[in-house]
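A.B. asks: Have a look; sequence and predicted model below, questions after that.
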Amino acid sequence: MSRWGLTIPLTGLPLAEHREIVESLPGLGYTDAWSSETNGTDAFTPLALASQWAPDLRLGPAIVPVYTRGPALLAQQAATVADLAPGRFVLGIGTSSDTIVQRWNGVAFDEPYKRTRDTLRFLRKALAGEKVKEEYDTFAVKGFKLESAPASPPPIVLAALRPGMLRLAAREADGAITNWLAPKDVPTVRGELGDGPELIARLFVCPTADADEARAIGRWMIAAYMTVPVYRAFHEWLGRGDALAPMNEAWAAGDRKKALEVIPDEVVDDLIVHGSPDRCRARVREYVDSGLTTPVLAIVPGGGLSPAEAVRALAPDAG
């Protein structure tokens, strides 16, 4: 089936006020709702609510960091949502970033590849109902068993930005999650992941016909993300290293204003979906045509639309 996802909660709308919008999503053609976890809501609570508000939606976090919960607690929370949404839950895990893990949570951001691999292997066993007693490279679990394992263990997908993690996702997970890419980048990612596994991407969508408005918002977002080492490396791999070098140099020098100014329009237009709602939908479909399985729209306020209006305008069945 053709998938069309939405990031929840929506920017500018309290979680408690999402019920009507979430209930409407299947009727609008949305198939998925995916959460995130940075400095707003946690990843699981919005999905627990959505599981009851819209029983037809597939649900998943994109992503839950593998560092900020112990392995057992992560398995417990995943099992809880899997029980609330049987057969409709996908667990997205990943390293997150050193800012979130180490600076905000005081956890050492050590050996991210191994920590992700070890967490994936632990979760496979725990969510299948096995008793886990194992020494992994990055942690040890001594006799944990879920009191009530999900009747159907959820698929697990990995956040993956570069070849090593993409290959791990292909070998041991059920798919990969990525973001901050253009349609032309999807074949590069697919080249490492392969054609079989599901590929999910969060796409930042600003439904405004005012290109200057969208680019101004997009520059702030790009500067915030692309100066983070993992995203800088990702775009060097994708071939944007030279285009983004002036931004990174200005940012490193402490000149935030110049960093924004030197981001080329072409890069913003590559990475931020913007334009009229019809144009945005067409652009999202370019990603799918290039090999993306599941686009997950992250709606960026723009064009004077309320969150509910933007959800309706960007629905796959609206055009």
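C.D. replies: Everything's here; your move.

A.B. asks: and V230, what pLDDT?
C.D. replies: Note on V230: pLDDT of 89.

A.B. asks: if I look at it, how far off is E286?
C.D. replies: Between V230 and E286 the computed distance is 25 Å (CB to CB, to the nearest Å). (Each C-beta comes from the backbone N, C-alpha and C, glycine too.)

A.B. asks: Next: L168.
C.D. replies: 27 Å.

A.B. asks: Tell me which of the two has more neighbours.
C.D. replies: L168 (18 against 15; other CB atoms under 10 Å).

A.B. asks: Next, that one: secondary structure please.
C.D. replies: helix (DSSP: H, G, I helix; E, B strand; the rest coil).

A.B. asks: So which bits of stretch 234-247 are buried?
C.D. replies: Residues of stretch 234-247 classed as buried by neighbour count (16 or more other CB atoms under 10 Å): F234, H235, W237, L238, R240, L244, M247.

A.B. asks: What is the most widely separated pair among those residues?
C.D. replies: W237 and M247 (16.8 Å; CB to CB).

A.B. asks: what residues does stretch 29-37 touch?
C.D. replies: Stretch 29-37 has contacts (CB atoms under 8 Å, 6 or more residues apart in numbering) with 1-9, 22, 25, 41, 43-44, 46-47, 50, 54, 57-65, 68, 92, 96, 200, 202, 294, 296, 315-318.

A.B. asks: change it to 7 Å
C.D. replies: The contact list for stretch 29-37 (CB atoms under 7 Å, 6 or more residues apart in numbering) reads 1, 3-8, 22, 25, 43, 46-47, 50, 57-62, 64-65, 294, 296, 315-317.

A.B. asks: Which positions in that stretch come out as buried?
C.D. replies: The neighbour-count check on stretch 29-37 (16+ other CB under 10 Å) flags Y30, T31, D32, A33, W34, S35, S36, E37 as buried.

A.B. asks: Max pairwise distance over those residues: which two?
C.D. replies: Between any two of the buried residues of stretch 29-37, the greatest separation by CB to CB is 21.6 Å, found for T31 and E37.

A.B. asks: As a check, name the ranges of all helices in this protein.
C.D. replies: Applying DSSP state H to the chain gives helices spanning 19-28, 45-53, 71-84, 98, 112-127, 163-172, 186-193, 211-226, 229-238, 241-252, 256-261, 265-271, 277-289, 307-313.

A.B. asks: Which elements pack onto the shortest one?
C.D. replies: If I follow you right, that is helix 98. Packing partners of helix 98 (3 or more CB pairs under 7 Å, 6 or more residues apart in numbering; DSSP states H and E): none among the helices and strands.

A.B. asks: tell me the mean pLDDT for that helix?
C.D. replies: According to the model, helix 98 has a mean pLDDT of 89.

A.B. asks: next one: the third one
C.D. replies: Average pLDDT, helix 71-84: 98.

A.B. asks: likewise stretch 271-284?
C.D. replies: pLDDT averaged over stretch 271-284 gives 97.

A.B. asks: Could you tell me the end-to-end distance of it?
C.D. replies: End-to-end distance for stretch 271-284: 11 Å, by CA to CA, to the nearest Å.

A.B. asks: Stretch 257-265 now?
C.D. replies: OK, stretch 257-265 end separation, CA to CA: 16 Å.

A.B. asks: partners of the longest strand belonging to the chain in the sheet?
C.D. replies: Ranked by residue count, the top strand of the chain under DSSP state E comes out as strand 198-206. Using DSSP bridges, strand 198-206 pairs in its sheet with strand 175-179 (parallel), strand 273-274 (parallel), strand 294-299 (parallel).
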